[in-house]
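Visitor: The following comprises the amino acid sequence and a computationally predicted model.
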Number of protein chains: 2
Amino acid sequence: MLLGGRGLVGILDADITGPTIPKLLNLRGKELLAGPNGIKPVIGPLDVKVVSIDYLLPNDCTPVIWRGPLKTTAIKQFIGDIDWSRLDFLFIDLPPGTGDEPLTIAQSIPNITGAIIVTIPSEVSQIVVRRAVGFCRVLNIPIIGVVENMSGFVCPNCGVEVDLFMKGGGERIAVEMGLDFLGRIPLDKRLYEASDRGWIAYS
Amino acid sequence: MLLGGRGLVGILDADITGPTIPKLLNLRGKELLAGPNGIKPVIGPLDVKVVSIDYLLPNDCTPVIWRGPLKTTAIKQFIGDIDWSRLDFLFIDLPPGTGDEPLTIAQSIPNITGAIIVTIPSEVSQIVVRRAVGFCRVLNIPIIGVVENMSGFVCPNCGVEVDLFMKGGGERIAVEMGLDFLGRIPLDKRLYEASDRGWIAYS
């Protein structure tokens, strides 16, 4: 496992108008500070380096009322002006859709290793995902594979598994588009609780 | 009930890079056609008038690789160049966040009746929602209230209610920000099935 092996990992929260990475990693309230080689990312659990616009907003109610060109500038600065130092991996979290944020990433970073496409197993979500796959293909970004989120739910009371959304949508779209299916993330109360609390599990 | 009374209703799908309204209303594959007074919306169930960029894309895999200014132009055309004719209500579906789409709407339509804020009951979602409330306040858009989506789940096998996400988040954020709480939409398999099939219930 990568994180267990302490690879040098960065996370760039490129969801400019809905940044949530600091919350998920229990890293809110920190600051991006200037250093000799640029702005230093916040250091999180397992020494993960995190950059998010959340760190630049004075409080929870401050909206980022920015049109696309400003978002693009912010993302370019997050890539170019941050002292990421050496990294083995940089994960970039993007908002849904195919707008300014993924386009800026695609045009600013040469040789992207690949995109991981996340869907929920509903046909409605798959429409958005098909276009995201088309986006990667037009921009020559390799697709690592498809992950099905919110996949199945095991009732904590009776133990029976219920498919809230139509079953197997993620796998179906992967097969249909000639992509690898990477796996399912179940609807699990513990997962959402951990997300809200900023808990992560590692060994 | 408004729809039962056949009010003149339009729906503008302003989620330019992830349009889903035609799928939800079983109205995919239709076309926007020119008429004497502009482009005519697609007419859906209950005579609802629908406009979505989905109608302008050749197929499911065509991504909308547009930066903000193009999105803004599209939305302005959807408002100005469409022959909406007389409407009692125009619902505008927006993507998450506070980017080009809501900003364009706010600046193009004077005297917006109000915004309905939709959240899921997790703290992570509430961060995004707080900023959306801030957005409305900065732009002087009245807030009609808060809806909690994905709220509670009744197991179809044993009948016990499970809160997948932390309970009451929508109501809490409404109280905290001095807003009306409009209600909860449960995690119900039938709802997602109906969404995928484009079924709507009306009398």
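Guide: Looks like it came in fine. Numbers count the residues shown, from 1 in each chain, chains lettered A, B, ... in the order given.
Visitor: where does the residue nearest to A:Asp81 when sequence neighbours are not counted fall, phi/psi-wise?
Guide: Nearest residue to A:Asp81, sequence neighbours excluded (CB to CB, 6 or more residues apart in numbering or on different chains): A:Gly38, at 5.3 Å. Where C-beta positions appear, they are placed from N, C-alpha and C, glycine not excepted. The phi/psi pair for A:Gly38 (degrees, to the nearest 10) reads phi 130, psi -170.
Visitor: List the contacts of A:Gly38.
Guide: Applying CB atoms under 8 Å, 6 or more residues apart in numbering or on different chains to A:Gly38 gives the contacts A:Asp81, A:Ile82, A:Asp83.
Visitor: surely A:Ala132 meets A:Ile117?
Guide: Yes - with contacts counted by CB atoms under 8 Å, A:Ala132 reaches A:Ile117, the gap being 5.7 Å.
Visitor: Would you mind giving the secondary structure of A:Glu31?
Guide: The three-state label given to A:Glu31 by DSSP: H, G, I helix; E, B strand; the rest coil is coil.
Visitor: What about A:Pro142, how many residues nearby?
Guide: 11 (other CB atoms under 10 Å in any protein chain shown).
Visitor: So for the host helix or strand of A:Glu101, mean pLDDT?
Guide: When elements are assigned from DSSP states H and E, A:Glu101 belongs to helix A:100-108. Across helix A:100-108, the average pLDDT comes to 93.
Visitor: Please name every helix or strand in contact with it.
Guide: helix A:68-80 (3 or more CB pairs under 8 Å, 6 or more residues apart in numbering or on different chains; DSSP states H and E).
Visitor: Could you pull up the residues touching whichever residue of chain A sits closest to chain B?
Guide: Residue nearest to chain B within chain A (CB to the nearest CB): A:Gly68, separated by 2.2 Å. Going by CB under 8 Å, 6+ apart, A:Gly68 touches A:Gly99, A:Asp100, B:Arg67, B:Gly68, B:Pro69, B:Lys71, B:Gly99, B:Asp100.
Visitor: one more time with 6 Å, if that's ok
Guide: Going by CB atoms under 6 Å, 6 or more residues apart in numbering or on different chains, A:Gly68 touches A:Asp100, B:Arg67, B:Gly68, B:Asp100.
Visitor: A:Gln77 now?
Guide: With the criterion set at CB under 6 Å, 6+ apart, A:Gln77 makes contact with nothing.
Visitor: Check A:Leu182 too.
Guide: A:Gly145, A:Val147.
Visitor: The one helix or strand it maps to pairs with which strands?
Guide: For A:Leu182, the element it lies in under DSSP H and E is strand A:181-184. Strand pairing for strand A:181-184, determined by DSSP bridges: strand A:143-148 (parallel).
Visitor: This completes my enquiry, with thanks.
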